[in-house]
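Enquirer: quick one, fold the following:
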Amino acid sequence: MTEQNVGKLNQIERTLPEGMLVDSAWMERNGYSTSLRSQYVSAGWLVQPVRGTYKRPLGELDWQKVTVSLQTLMGYDFVVGGRTALDLHGFSHYVSPAEPPHAHLYGSSQPPGWLAKLPLRTKFHVHPVAPLFRTARLENTVRDFSSASGLLLIVSTPERALLELLNELPNRESFHQVDMLIEGLRTLSPRRVQSLLTDCKSVKVKRLFFWFAERHNPPWLKDLDRKLVDLGSGKRMLVKGGKLDPKYLITVPDDMNAPV
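Expert: Got it, this is the predicted structure:
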């Protein structure tokens with residue numbers, strides 16, 4: 001191997017942490033040709049979890065490391081959101097785990113084709129952010145959720161993650177699951193909630209938010225100015241055969257129409 005190629009290998013050890021993942025485009029941008037990558041794979045210095053991706057041999061691959069790799073190395077604008085963000089913020093004990101487990105990502109980037117092919121038990125579900133909020137990066141946070149790994153994930157705040165979760169009703173989330181979750185959300189920031197509701201484009205999500213909140217009357221509810229939130233007009237049928245809520249004009253499961 002030439003001295004230049006040895007230098008490039010040393011560079012990978014500095015720029016590609018163990019357990020992290022990069023794709024062919026990253027390799028090309030950093031000066032690793034197809035033939036050089038093939039040499040590294042043949043020699044066992046790199047492995048390919050799926051075609052078009054590369055990682056160093058050590059370090060187990062999991063969805064968190066893949067997500068950090070997407071966010072920090074490969075330049076995708078994905079944010080961990082919805083149910084997954086609420087789980088990371090410590091609210092998973094309020095809802096049953098999804099089967100199979102999914103990592104919910106939100107962003108304007110198109111997901112790479114190899115993402116769905118990775119040999120992981122957790123599958124990625126990528127949501128376009130545009131239909132829900134006017135401001136793509138409103139109210140995200142960077143958190144270290146594993147002191148052992150030092151991974152820094154870009155994650156929706158609990159307030160934003162809740163609205164992302166509500167957007168999954170009724171097709172991909174359950175009214176009863178969300179109801180149990182909201183019962184435990186007693187410490188949301190009213191400032192963040194107000195800002196997000198004002199920024200939210202979905203009438204369905206905003207009506208559901210107030211409907212669920214009024215069932216449980218959390219402390220932050222009294223600090224919201226509902227006049228600043230556009231709830232639209234007309235009825236929204238969310239549950240076939242459900243009961244129409246007269247205040248928010250949404251159909252909800254018949255056994256949940258009364259306040260708790």
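Enquirer: look up how far residue 189 lies from residue 202.
Expert: Residue 202 sits 20 Å away from residue 189, going by Cβ to Cβ, to the nearest Å. For glycine as for every other residue, the C-beta is placed from the backbone atoms N, C-alpha and C.
Enquirer: check which helix or strand covers residue 13.
Expert: Residue 13 belongs to helix 3-15 when elements are defined using DSSP states H and E.
Enquirer: what about the next helix or strand after that helix, average pLDDT?
Expert: As assigned by DSSP H and E, the chain's next helix or strand after helix 3-15 is strand 22-23. Across strand 22-23, pLDDT averages out at 97.
Enquirer: beta partners of the closest residue in space to residue 112 that isn't next to it in sequence?
Expert: Nearest residue to residue 112, sequence neighbours excluded (Cβ to Cβ, 6 or more residues apart in numbering): residue 23, at 6.3 Å. Per DSSP bridges, the residues bridged to residue 23 are residue 53.
Enquirer: got a list of what residue 23 touches?
Expert: By Cβ atoms under 8 Å, 6 or more residues apart in numbering, the contact set of residue 23 is 52, 53, 54, 74, 112, 114.
Enquirer: pull the most distant pair out of the residues you listed.
Expert: For the contacts of residue 23, the maximum inter-member distance is 13.0 Å, found between 54 and 112 (Cβ to Cβ).
Enquirer: what about the two, which has more around it?
Expert: Neighbours were counted for residue 54 and for residue 112 using other Cβ atoms under 10 Å; residue 54 has more, 22 against 17.
Enquirer: where does the stretch 1-150 of the chain have low pLDDT?
Expert: Residue ranges of the stretch 1-150 of the chain with pLDDT under 70: 1-6, 93-99, 136-150.
Enquirer: can you show me the helices along it?
Expert: Secondary structure of the stretch 1-150 of the chain, counting by DSSP state H, counting those that start in this stretch: helices at 3-15, 24-29, 34-42, 63-68, 82-86.
Enquirer: just the ones you listed: most buried one?
Expert: Of these, the one with the most neighbours on average (mean count of other Cβ atoms under 10 Å) is helix 82-86, at a mean of 27.
Enquirer: show me what that one is packed against.
Expert: Using 3 or more Cβ pairs under 8 Å, 6 or more residues apart in numbering; DSSP states H and E, the elements in contact with helix 82-86 are strand 102-107, strand 151-156, helix 158-166.
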